[in-house]
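> take this sequence and fold it.
(one chain, ligands or ions: 1)
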Amino acid sequence: MTFSPAPGVRGVKICGLTEEAGFDACVTHGADWVGFVFFERSPRYVTPAQARALSARHVGGPARVGLFVYPDDDTLARALDIVPLDVLQIYASFERATEVHARFGVPVWLSQPVSTGADLPTTRRAGVERLLIEPKPPTTATRPGGNAQQLDWSLMQGWAPPFPWMLAGGLNPDNVVEAVIVTGAPAVDVSSGVESAPGIKSPRAIADFIHKARSVTFSA
Ligand SMILES: O=C(O)c1ccccc1N[C@@H]1O[C@H](COP(=O)(O)O)[C@@H](O)[C@H]1O
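Below is the predicted model:
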């Protein structure tokens, strides 16, 4: 298990760090997790060496999450050799997530694309520490996430999550309070919604997002 926020404190992940000011703001404002996107078609793409350099700016602080899209073992092994990652967030099947966890022994988070209530898992599967609940991308999308696309939050009402989970997709400082009230999400994940330009984070928006996400408590 990786670090989890204290009971009743909403976890916040800021994803897609590419530059120092954004990374430093996550540390200063107490993000729980920071994400590095190892997917070349993303405006937030960083190499493992770039992620290592950013990560080395601070000892401790947010847990480091590496985001991979349908990764093979060699890709994961190469990244893990270069940059210490606390979590592997992957776009893949449940079976592949289990395999990755068994192979690397690092906590695995799995993206679960959702367009209807039937897409919400109802049973726990071994090898997956946390689910990222996010919208199914449009068929024209060039990447499976990070599209500033919002999920229909009402789908989560009445859902009994079998895993720890996190809400992602189109969140920003202006809608995160409503999102957590409607969904009851214990943790939230944001990328585009705290950027001043694609791939460039806004320190002020990061501070605002973290503060607002935590302004509504929840009972686990
Ligand atoms: O951020 C990306 O570019 C990205 C690329 C490929 C897969 C996932 C990606 N991002 C993930 O999607 C969520 C939501 O993004 P957004 O807030 O809607 O922009 C993000 O936090 C990442 O986990």
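
> and the gap between the residue in the chain positioned nearest to the ligand and residue 127?
Closest contact between the chain and the ligand, by C-beta to the nearest ligand atom, is at residue 146 (2.2 Å). In short, each C-beta sits where N, CA and C put it, glycine included. Going from residue 146 to residue 127 by C-beta to C-beta, to the nearest Å gives 24 Å.

> quick one: which of these two has more around it?
residue 146 (28 against 16; other C-beta atoms under 10 Å).

> thought that one was touching residue 194?
No. At 11.8 Å, residue 146 does not count as touching residue 194 under the criterion of C-beta atoms under 8 Å.

> leaving aside the residues next to it on the chain, what's closest to residue 121?
Nearest residue to residue 121, sequence neighbours excluded (C-beta to C-beta, 6 or more residues apart in numbering): residue 162, at 6.0 Å.

> what number of residues lie near the one you found?
Residue 162: 14 neighbours (other C-beta under 10 Å).

> which SS class is the residue nearest the centre of the chain?
Geometric centre of the chain, nearest residue: residue 189, 4.7 Å, by C-alpha atoms, centre = their mean. Using DSSP: H, G, I helix; E, B strand; the rest coil, the structure places residue 189 in strand.

> ok, the closest residue to it other than its chain neighbours - contacts?
Closest residue to residue 189 apart from its sequence neighbours, by C-beta to C-beta, 6+ apart: residue 168 at 3.8 Å. Counting by C-beta atoms under 8 Å, 6 or more residues apart in numbering, residue 168 touches 15, 111, 132, 133, 134, 145, 188, 189, 190.

> most neighbours among those residues, which one?
residue 190 (31 neighbours).

> wait, isn't that residue in contact with residue 169?
No. The pair residue 190 / residue 169 is not scored as a contact, 9.1 Å apart, by C-beta under 8 Å.

> okay, stretch 90-102 in CSV with CA atoms only?
What follows is stretch 90-102, C-alpha atoms only, in CSV (Å, rounded to 0.1, in the frame of the first residue of the first chain):
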residue,chain,number,x,y,z
ILE,A,90,-1.9,2.3,-16.0
TYR,A,91,-4.4,2.2,-18.8
ALA,A,92,-4.8,-1.5,-19.4
SER,A,93,-7.0,-4.4,-18.5
PHE,A,94,-7.6,-5.7,-14.9
GLU,A,95,-5.6,-8.8,-16.0
ARG,A,96,-2.6,-6.7,-17.1
ALA,A,97,-2.8,-4.6,-13.9
THR,A,98,-2.6,-7.8,-11.8
GLU,A,99,0.4,-9.0,-13.9
VAL,A,100,2.2,-5.6,-13.5
HIS,A,101,1.7,-5.7,-9.8
ALA,A,102,3.1,-9.3,-9.5
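
> average pLDDT across that stretch?
Averaged over stretch 90-102, pLDDT sits at 96.

> over to residue 216. Which of the three states is it?
Per three-state DSSP, residue 216 ends up coil.

> gap between it and residue 206?
As for residue 216, its distance to residue 206 is 18 Å (criterion: C-beta to C-beta).

> ok, residue 171 next?
12 Å.

> who has more neighbours, residue 216 and residue 206?
Ranked by neighbour count (other C-beta under 10 Å), residue 216 and residue 206 place residue 206 first, with 27 against 15.

> look up the closest residue to that one, ignoring the ones flanking it.
residue 25 (4.4 Å).
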